[in-house]
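Asker: Pasting a predicted model and its sequence here:
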Amino acid sequence: MPPLPPRLRLFPNLNLGGGLHPHPARLLPRASLSPRLRRPPPPCPTLRRFLSRAMASTAAGDEPGTSGDAAARPRRALEELAWDETFVRELPADPRSDNTPRQVLHACYTKVSPNAPVDGPKLVAWSPAVADLLDLDHKEFERPDFPDFFSGAIPLAGSVPYAQCYGGHQFGSWAGQLGDGRAITLGEVLNSRGERWELQLKGAGKTPYSRFADGLAVLRSSIREFLCSEAMHGLGIPTTRALCLVETGNSVVRDMFYDGNSKEEPGAIVCRVAPSFLRFGSFQIHATRGKEDLKIVRQLADYTIRHHYPHLENIKKSEGLSFEAAMGDSPAIDLTSNKYAAWAVEVAERTAYLIARWQGVGFTHGVLNTDNMSVLGLTIDYGPFGFLDAFDPGFTPNTTDLPGKRYCFANQPDVGLWNIAQFTGPLSSAGLISKDEANYVMERYGTKFMDEYQSIMTKKLGLPKYNKQLIGKLLNNLAVDKVDYTNFFRLLSNVKADPGIPESELLVPIKAALLDIGQERKEAWISWVQTYMEELVASGISDDERKATMNSVNPKYILRNYLCQTAIDAADLGDYEEVRRLLKVMERPYDEQPGMEKYARLPPAWAYRPGVCMLSCSS
């Protein structure tokens, strides 16, 4: 594995409990590349246009299939979906098609059909926006047999179901073969715009990758995944999507806290949708199985570039396109001479962009293992997750993660870089990229992350340029006083650029977020607001313009864990209306939405009990 650059310390003065380098592996040991993470020269305009194409649309909250007049699109019945199976056609298959748990060698997938026990399935909720991606007629969701199709009880005509083989590092340790242990991909649907969308049923039953598990999912975790997939999209953050959620009508036994207290819970299945569910671990597994399987790493890379990064196939070598890696005496890196290096750079930049966006809204992915890292830069696999309530850089939503806090909020940027290093390893082993190119990939991750993070934080404060000292002091203040992250930034847009405001009134616009602070802390906040106001006055931006800009990046509504739990509790009693109501609210998180203010409230006391604010990996 190539050496790693220094850590991306966003909170250098804060005590994070377990620290930034938890056992079993130090996340980012200091390397010999340079005394600091240096900025390499930016790519030339031609390559930057290639590398930024996907992220440019994502930055605007868009993605393929979301533009245009939805009413003008064709409306298809389930039987009219246009299936195409590039993954199955172009990549090596497991010669067996049974779901017996076993090691699957020399293959990227196993053909296996949904097999979860189903008894009178019910449709809990569905996403009209995702239906539009597939050109699926909204009337199809009214069909009595719709739940049967999306619980796997009835096969969808034209689909060729399979489970993917992959491995991964879990909590820093190599775990070997993992794979789709309870997710079964139905296939790829082509819409009227030529876009390809994979449909996958999570909780659909056993596969060869289930190991000792049952391949099933419960309603509580499925509601969380369904809602958060769509909530993240509403926030403009790259993510897998969710078409629908079905309750199977059968119970599933789960031990939520791994404490020996198992109980029956309602079973459920989520239909997830994404251009691809390929992960870092999809490449890792084949690189660990000897030279014979290294060719599969190349096959997978070629497949991914051909279907998901086609612009990289057309890069032409030019004397004007070479890039110094800013690493002392190492040679120049010419990304136009190696499409695999250019691809790895874009994967790193998409990942950095994604994690910077998480940081901007206070989102923490509780299981940031390499098998949960998408090669498309999407948020994938919503197990334990959480949005910051009281600002705590050491917050982790995963009880399994508590001993070391490897995946706590402040560590996420470093973990992303650590995971990128694991991703470049298989590419190097397969001879696709050189050591210098692998190092450059990680340099680009660091540069992209800091650029995006600084841009996001600058916009959140409504400033024209980044002010490190001002933002650093603010984050420390938020942590000391455990201020609600979302509500604070939303209220901050009410501060006026008026130096004539009396000191006694400076905190009025943000008072609702500063609960129970003493005189000393009040003075610290007054000092910060005074400095902030000076910056506002110097910017020359009008209060109204700044407020509109800030409210477009500081959401009013986030999917707090207690909101999920409220919907789960109602659904357990057969009432799905709260799930559907939350879905509607989270589709427009930056809008005021009169009448929905209760969804922006601080969590009640019961929200901090185990099983609500924090969860285990069990689901």
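Answerer: On my side now, so go ahead.
Asker: pLDDT below threshold where in the stretch 151-300 of the chain?
Answerer: Along the stretch 151-300 of the chain, the parts satisfying pLDDT under 70 run over 257-259.
Asker: And the helices in it, which stretches?
Answerer: Assignment of helices within the stretch 151-300 of the chain using DSSP state H, counting those that start in this stretch yields the ranges 219-234, 280-287, 291-308.
Asker: now the strands for the protein?
Answerer: 82-84, 109-111, 122-126, 162-164, 167-170, 173-177, 183-190, 196-202, 241-254, 263-274, 363-365, 385-387 (DSSP state E).
Asker: any chance of those in a markdown table, with distance to A538 too?
Answerer: C-beta here means a position set from N, CA and C on the backbone, and glycine is covered the same way. Shown next, in a markdown table, are these (distance: least, Cβ to Cβ, whole Å):
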| stretch | distance to A538 |
| --- | --- |
| strand 82-84 | 56 |
| strand 109-111 | 57 |
| strand 122-126 | 48 |
| strand 162-164 | 53 |
| strand 167-170 | 47 |
| strand 173-177 | 50 |
| strand 183-190 | 52 |
| strand 196-202 | 47 |
| strand 241-254 | 42 |
| strand 263-274 | 44 |
| strand 363-365 | 32 |
| strand 385-387 | 32 |
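Asker: by contact count, what packs against the longest helix belonging to the chain?
Answerer: If you go by DSSP state H, the chain has its longest helix at helix 435-460. With contacts taken as 3 or more Cβ pairs under 8 Å, 6 or more residues apart in numbering; DSSP states H and E, helix 435-460 sits against helix 339-361, helix 412-429, helix 543-551.
Asker: per-residue confidence at the most centrally placed residue in the chain?
Answerer: Nearest to the mean C-alpha position of the chain, by Cα atoms, centre = their mean, lies T379 at 1.9 Å. pLDDT, T379: 98.
Asker: residues in contact with the closest residue to it other than its chain neighbours?
Answerer: Residue nearest to T379 in three dimensions, not counting chain neighbours: T239, with 4.1 Å by Cβ to Cβ, 6 or more residues apart in numbering. Applying Cβ atoms under 8 Å, 6 or more residues apart in numbering to T239 gives the contacts S229, M232, H233, L378, T379, I380.
Asker: so which pair among those is furthest apart in space?
Answerer: Greatest spacing in those, by Cβ to Cβ: H233 and I380 (12.8 Å).
Asker: What about the residue nearest to V480 when sequence neighbours are not counted, how many residues nearby?
Answerer: Spatial nearest neighbour of V480, chain neighbours left out: R521 (7.0 Å); criterion: Cβ to Cβ, 6+ apart. Neighbourhood size, R521 [other Cβ atoms under 10 Å]: 14.
Asker: Relative to A131, how far out is R521?
Answerer: R521 is 49 Å from A131, where distance means Cβ to Cβ, to the nearest Å.
Asker: ditto for V88
Answerer: 24 Å.
Asker: In terms of neighbours, single out the busier of those two.
Answerer: Between V88 and A131, counted using other Cβ under 10 Å, the more crowded position is A131 (20 against 17).
Asker: H286 and A301 touch, don't they?
Answerer: No. Contact criterion Cβ atoms under 8 Å: H286 and A301 do not qualify, at 10.5 Å.
Asker: Compare neighbour counts for the two and give me the winner.
Answerer: A count of neighbours by other Cβ under 10 Å puts H286 above the other of H286 and A301, at 28 against 22.
Asker: For that one, give me its contacts.
Answerer: So H286 contacts D293, L294, I296, V297, L300, P426 (Cβ under 8 Å, 6+ apart).
Asker: Report how many residues lie close to the fifth one.
Answerer: Per other Cβ under 10 Å, the neighbour tally for L300 reads 24.
Asker: Over to the fourth one?
Answerer: Taking other Cβ under 10 Å as the neighbour definition, V297 ends up with a count of 24.
Asker: now swap in P121 and tell me
Answerer: P121 has 24 neighbours, counted by other Cβ under 10 Å.
Asker: Pull the contacting residues for it.
Answerer: P121 sits in contact with P147, D148, F150, S151, A153, V246, E247, T248, G249, where contact means Cβ under 8 Å, 6+ apart.
Asker: isn't G203 right up against P266?
Answerer: No. The criterion here is Cβ under 8 Å, and G203 misses it with P266 at 11.1 Å.
Asker: Now for those two: what residues contact both?
Answerer: Both G203 and P266 are contacted by V218, T248, under the criterion Cβ under 8 Å, 6+ apart.
Asker: More neighbours: which of those two?
Answerer: Neighbour comparison, G203 and P266: the larger count goes to G203, with 29 against 20 (by other Cβ under 10 Å).
Asker: Grab the nearest non-local neighbour of the more buried one.
Answerer: Distance criterion Cβ to Cβ, 6+ apart; nearest residue to G203, sequence neighbours excluded, is A217 at 2.9 Å.
Asker: and the one you found, what are its phi and psi?
Answerer: In this entry, A217 is assigned phi and psi values of phi -130, psi 160 (degrees, to the nearest 10).
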